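Peer 1: Need coordinates for the following:
(2 chains)
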There are 2 protein chains.
Amino acid sequence: MTDSYEPTGRTIPTRSRHRASYDRAAVHSILDEAYVCHLGFVRDGAPVVLPTLYGRIGDRLYVHGSTGSRPLRMAGAGGATASAGEEAPGLPVCLTVTHVDGLVLARSAFHHSINYRSVVVHGTAHQVTDPEELRTALDALVDHVVPGRSYDSRPANAKELAATAVLRLDLDEVSAKVRTGGPNDEPEDATLPHWSGVIPVRKSYGTPIPADDHDPAIALPDYLSVL
Amino acid sequence: MTDSYEPTGRTIPTRSRHRASYDRAAVHSILDEAYVCHLGFVRDGAPVVLPTLYGRIGDRLYVHGSTGSRPLRMAGAGGATASAGEEAPGLPVCLTVTHVDGLVLARSAFHHSINYRSVVVHGTAHQVTDPEELRTALDALVDHVVPGRSYDSRPANAKELAATAVLRLDLDEVSAKVRTGGPNDEPEDATLPHWSGVIPVRKSYGTPIPADDHDPAIALPDYLSVL
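Peer 2: Purely as a prediction, here's the structure:
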């Protein structure tokens, strides 16, 4: 396995190419820091973009849904375009994850921007049908929200597994894009009387709120107190 | 104008219908709190989802891009499917905005979730060609990042206006979806020895970082100190 993904026509941006990266570790790091991806697919010729939970195991993403959800039905073994006995063709998707890191205020309206880190994955999603892979994928989904949590919760039972569908998407055609640093004002604007710089934007956690029926004898676990 | 958007086949969810809302004020509030949307469109039959800045004026969204970017070229007056003299057909898009408000930790892996607020807009985007609308849209884009900022920056000049393309998308076929509250554990799981509840997730701002060539005589404006 190389340290980088291979650029393709779809992952070489038309804009700001210097911000694109194919570095595997950079891509994984951006993916692992978010909880929600935006999953795009085509329905009746029109685009649909839905926020969805996901997990990662190596170079494979798992996207969560119920068996009744539209993308999962479209990607599933019983999909409308699959004939009996044939492997389902899968669902072409684009999965995007974005972190906003800062508001970039330039002296000119034109150079206002956002510092961000994003990953865009192109590929074909397939429904996970192997029971062992499904269990592993569900653990990855739970652990993606809070690392270690799958060991401290009741595993899915047969009924729950049957009600859960998971899509598999290989990380293959994928790129990251990152903007950092201050505003790129025009030199002739340097003396304009406007404040310019960056307002950092961060994700932070509030005080954990126990469930209404929570047993006060159960202390907050270490993996939550470090958030 | 009514207080709600009209539900359509595309905006009535197949899952968790009780979480859907068509309330105009709720939709606007979710849109106004985010900086970045995820814009989905179809290219060569496959979905593409890109993070993009946007602004809102009433029931109209404006999405930012350079004139060289793919969706803007596809939606523009010179789009591949437009004949000379005809109005461009526009670009079918799905624009989605999501806030993550909390990590929902249930006693069972199955009931883990996220508290979130999302808005999904379906429609056809058109490139803004009227110069006056373009100026207004650019102000809205800047003010969406920091309210009031367009008054404290140099407006775009003719060259910058020519290099900026903006897509217009009417809020018409649109819905919000919101999850709040604690975990929905099964009654029989209530006595399991796992911490359950919600970890609030918030957006916060760091100390503003002035640009390298910033004039220290220019104080941080009030509209930034309140962030």
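Peer 1: Give me the three-state assignment for the residue most central in space within chain A.
Peer 2: By Cα atoms, centre = their mean, chain A has its centre lying nearest to residue A:37, at 3.3 Å. Here residue A:37 is strand, with the state taken from DSSP: H, G, I helix; E, B strand; the rest coil.
Peer 1: I figured it hits residue A:94, correct?
Peer 2: No. With contact defined as Cβ atoms under 8 Å, residue A:37 does not count as touching residue A:94 (10.0 Å). All C-beta atoms are positioned from the backbone trio N, CA, C, and that covers glycine.
Peer 1: if I look at residue A:197, how far off is chain B?
Peer 2: Distance, residue A:197 to chain B, by Cβ to the nearest Cβ, to the nearest Å: 4 Å.
Peer 1: and the closest residue to residue A:174 other than its chain neighbours, how far is that from residue B:50?
Peer 2: Leaving aside its sequence neighbours, residue A:174 sits nearest to residue A:121 (Cβ to Cβ, 6 or more residues apart in numbering or on different chains; 4.6 Å). From residue A:121 across to residue B:50, the span is 12 Å (Cβ to Cβ, to the nearest Å).
Peer 1: residues contacting residue A:227?
Peer 2: A:146, A:205, B:199 (Cβ atoms under 8 Å, 6 or more residues apart in numbering or on different chains).
Peer 1: Buried only: go through these for me.
Peer 2: Among these, those buried by neighbour count (16 or more other Cβ atoms under 10 Å in any protein chain shown) are A:146, B:199.
Peer 1: Mark which of the contacts of residue A:227 are part of helices, please.
Peer 2: Using DSSP state H, no member of these sits in helices.
Peer 1: Do I have it right that residue A:108 meets residue B:150?
Peer 2: No. Between residue A:108 and residue B:150 there is no contact under Cβ under 8 Å: 11.0 Å.
Peer 1: Now do the phi/psi pair for residue A:29.
Peer 2: The phi/psi pair for residue A:29 (degrees, to the nearest 10) reads phi -60, psi -40.
Peer 1: Tell me which helix or strand comes right after the helix or strand hosting residue A:144.
Peer 2: Per DSSP states H and E: residue A:144 is located in helix A:131-145. Next helix or strand after helix A:131-145 toward the C-terminus (DSSP H and E): helix A:158-163.
Peer 1: does the next helix or strand after that following helix come close to chain B?
Peer 2: Helices and strands here follow DSSP H and E; after helix A:158-163, the next one along the chain is strand A:164-170. Yes. Using Cβ under 8 Å from any Cβ of the partner chain, strand A:164-170 reaches chain B at residue A:164.
Peer 1: got the contact list for strand A:164-170?
Peer 2: By Cβ under 8 Å, 6+ apart, the list of residues contacting strand A:164-170 from outside reads A:59-67, A:69, A:71-72, A:75-76, A:91, A:93, A:95, A:121, A:123-128, A:133-134, A:137-138, A:141, A:156, B:110.
Peer 1: If we use 6 Å, what do you get?
Peer 2: Residues from elsewhere that reach strand A:164-170 (Cβ atoms under 6 Å, 6 or more residues apart in numbering or on different chains): A:60-63, A:65, A:67, A:72, A:75, A:123, A:125-128, A:137.
Peer 1: Residue A:196: what's it in contact with?
Peer 2: A:105-107, A:183, B:211, B:214.
Peer 1: Quick check: the farthest pair among these?
Peer 2: Farthest pair in the contacts of residue A:196 (Cβ to Cβ) is A:106 and B:214. Separation: 11.2 Å.
Peer 1: Could you check which of these two is surrounded by more residues?
Peer 2: Neighbours around residue A:106 and residue B:214, counted as other Cβ atoms under 10 Å in any protein chain shown, are more numerous at residue A:106. The numbers are 24 against 18.
Peer 1: in chain A, which segments are predicted with low confidence?
Peer 2: Applying pLDDT under 70 to chain A flags residues A:1, A:66-72, A:76-87.
Peer 1: Please enumerate the helices of it.
Peer 2: Going by DSSP H, chain A shows helices at A:24-33, A:70-75, A:131-145, A:158-163, A:222-225.
Peer 1: Is it possible to get a markdown table of these that adds distance to residue A:115 and mean neighbour count?
Peer 2: Shown next, in a markdown table, are the helices of chain A (distance: least, Cβ to Cβ, whole Å; neighbours: other Cβ atoms under 10 Å in any protein chain shown):
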| stretch | distance to residue A:115 | mean neighbour count |
| --- | --- | --- |
| helix A:24-33 | 13 | 16 |
| helix A:70-75 | 31 | 22 |
| helix A:131-145 | 24 | 19 |
| helix A:158-163 | 40 | 12 |
| helix A:222-225 | 29 | 13 |
